[in-house]
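Asks: sequence unknown, structure follows:
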């Protein structure tokens, strides 16, 4: 290790345990109370309540997510140049920024009666972009924190699993209760949507406080000012980090798919199946199958490895959604039952994806002798935001391309078939592409990951 390298020291406080798992679960529980709410209902709110065209909403989503992507990187670099406090380097930011984040989220769903279409459009642009920017100030430190809670690869996989459990619990609550709250006779109600935003905002704040109180940062970086300002060395390390590059690509297209499904599903059940109540059912199934997969992750990863398990999940998910595409005359209930297989398979990837991120952070340290958790995580988050930008744009433009018209009570048959294709064929293609990336291009298999952990542990002793 070079003399300028910051030394990593392990705190001698309580060992890693259930408190850390619960604390990390609460972090994404809080994040996804609004993230999933926005993914599931905001486009419908904008098209049906504000009467903004789907194409224009897509433009807003694209612009905002691109802005957020660069905000992620800027915030990550900012945090990596700050000294750790007695409470840690990352979690104080979660507590500080959670309150303005939640307030901005509630404001997105405020409709001031009697205003012009131009006012509602401006309100949508301002509140959505502000919310996305503030989301970075909480999510970047939260995601970075996993790599300093523990250095053990198996424990990090556990954190990834518990993080996903938090997201699934939020998904379960929002996707099951949300449609029952916000829709009246298959139409969104503005007052009910605002009530839901306030309710989930209060729950989000409680979760962020739980994350702050229960989590412990054990790996402490004593910052070297010159090192932290060496952006050139950082960028060279990022370019050479092949595991990071391939997981960025896989995660980017995975986020495109997740955001697209979240957007299109509301229209699929509202217009194609004419049954918004089934949105609750598919929300319940999505969360339930992932929670069922949760206890399987640790033994399966221990036996086969993260890369191998995630690739298998993507292959099965792709096959399931391809089957659904050809079964286009099934009922909404049959759709939910079959899609449960694909959602279970998708969960195998989603439950370990955050452990991939901690691995590539370690690989960056291996290449550069610099511990830059927030910077590397912000690059990963940046890719996900770009994926969200593309998905937001594609979702709006695709709905416009298939002929969706919010002023019609019943959509044209060609539009309905187009919506069904967006909800099935596109996910099938994306899952299959991710399978090939993980299986043949991502280099950190089970053996290499264990070797990397051991090599870094030896370096840190010097």
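Replies: Nice, I can see it. Predicted model only: the values in this text are computed from it and were never measured.

Asks: in the longest helix along the chain, what's buried?
Replies: With DSSP state H setting the assignment, residue counts place helix 117-149 as the longest helix in the chain. Using 16 or more other CB atoms under 10 Å as the test for burial, helix 117-149 gives 120-121, 123-125, 127-149. Placement of C-beta: from N, CA and C, glycine included.

Asks: Now that residue 21 has come up, it's in contact with residue 162, right?
Replies: Yes. Under the criterion of CB atoms under 8 Å, residue 21 is in contact with residue 162, at a separation of 4.5 Å.

Asks: quick one, which of the two is more surrounded?
Replies: Taking neighbours as other CB atoms under 10 Å, residue 21 and residue 162 compare with residue 162 leading, 24 against 21.

Asks: Work out for me the element residue 293 sits within.
Replies: Following DSSP states H and E, one finds residue 293 within helix 277-304.

Asks: so where do the helices sit in the stretch 251-400 of the chain?
Replies: 277-304, 306-326, 332-350, 353-368, 373-401 (DSSP state H, counting those that start in this stretch).

Asks: right, and these - which one's nearest residue 428?
Replies: Among the helices of the stretch 251-400 of the chain, helix 306-326 comes nearest to residue 428, with 3.8 Å by CB to CB.

Asks: now the angle between helix 353-368 and the closest one, please.
Replies: 140 degrees (axes from the mean of the first three to the mean of the last three CA atoms, to 10 degrees).

Asks: Just give me how far helix 306-326 sits from the chain centre.
Replies: Distance, stretch centre to chain centre, for helix 306-326: 19 Å (CA atoms, centre = their mean, to the nearest Å).

Asks: any residues touching that helix, and which ones?
Replies: For helix 306-326, the external contacting residues (CB atoms under 8 Å, 6 or more residues apart in numbering) are 157, 297, 300-301, 330, 335, 338-339, 341-343, 345-349, 352-353, 355-356, 359, 420-421, 424-425, 427-432, 434-435, 438-439, 442, 444-446, 449.

Asks: which parts of it are buried?
Replies: For helix 306-326, burial by neighbour count (16+ other CB under 10 Å) applies to 306-322, 324-325.

Asks: from the middle of its chain, how far away would stretch 447-459 be?
Replies: 28 Å.

Asks: actually stretch 93-108, not the one I wrote
Replies: 17 Å.

Asks: ok, now how distant is residue 196 from residue 174?
Replies: 8 Å (CB to CB, to the nearest Å).

Asks: ok, those two, which is more surrounded?
Replies: For residue 196 versus residue 174, neighbours defined as other CB under 10 Å are more numerous around residue 174 (27 against 20).

Asks: Show me what counts as buried in the helix or strand containing residue 27.
Replies: Residue 27 is part of helix 18-48, with elements assigned from DSSP H and E. Neighbour-count burial for helix 18-48, counted by 16+ other CB under 10 Å, picks out 20-48.

Asks: Repeat that for stretch 444-455.
Replies: For stretch 444-455, using 16+ other CB under 10 Å, the buried residues are 444, 446, 449, 452, 453.

Asks: so which of the residues you listed comes closest to residue 209?
Replies: For those, the nearest to residue 209 is residue 453 (32.1 Å; CB to CB).

Asks: Residue 147 is in contact with that closest one, correct?
Replies: No. In this structure residue 453 lies outside contact range of residue 147 using CB under 8 Å: 11.7 Å.

Asks: joint contacts of these two?
Replies: residue 362.

Asks: so residue 339 sits right up against residue 283, yeah?
Replies: No. At 11.6 Å, residue 339 does not count as touching residue 283 under the criterion of CB under 8 Å.

Asks: I would like the residues contacting stretch 247-265, please.
Replies: With CB under 8 Å, 6+ apart as the test, stretch 247-265 has contacts from 36, 39-40, 43, 279, 282, 349, 353, 356-357, 360, 379-380, 383-384, 386-388, 390-392, 394-396, 398-399, 419, 422-423, 426-427, 430-431, 433-434, 437-438, 442.

Asks: Is it possible to mark the buried ones in those residues?
Replies: Among those, those classed as buried by 16+ other CB under 10 Å are 36, 39-40, 43, 279, 282, 349, 353, 356-357, 360, 379-380, 383-384, 386-388, 390-392, 394-396, 398-399, 419, 422-423, 426-427, 430-431, 433-434, 437-438, 442.
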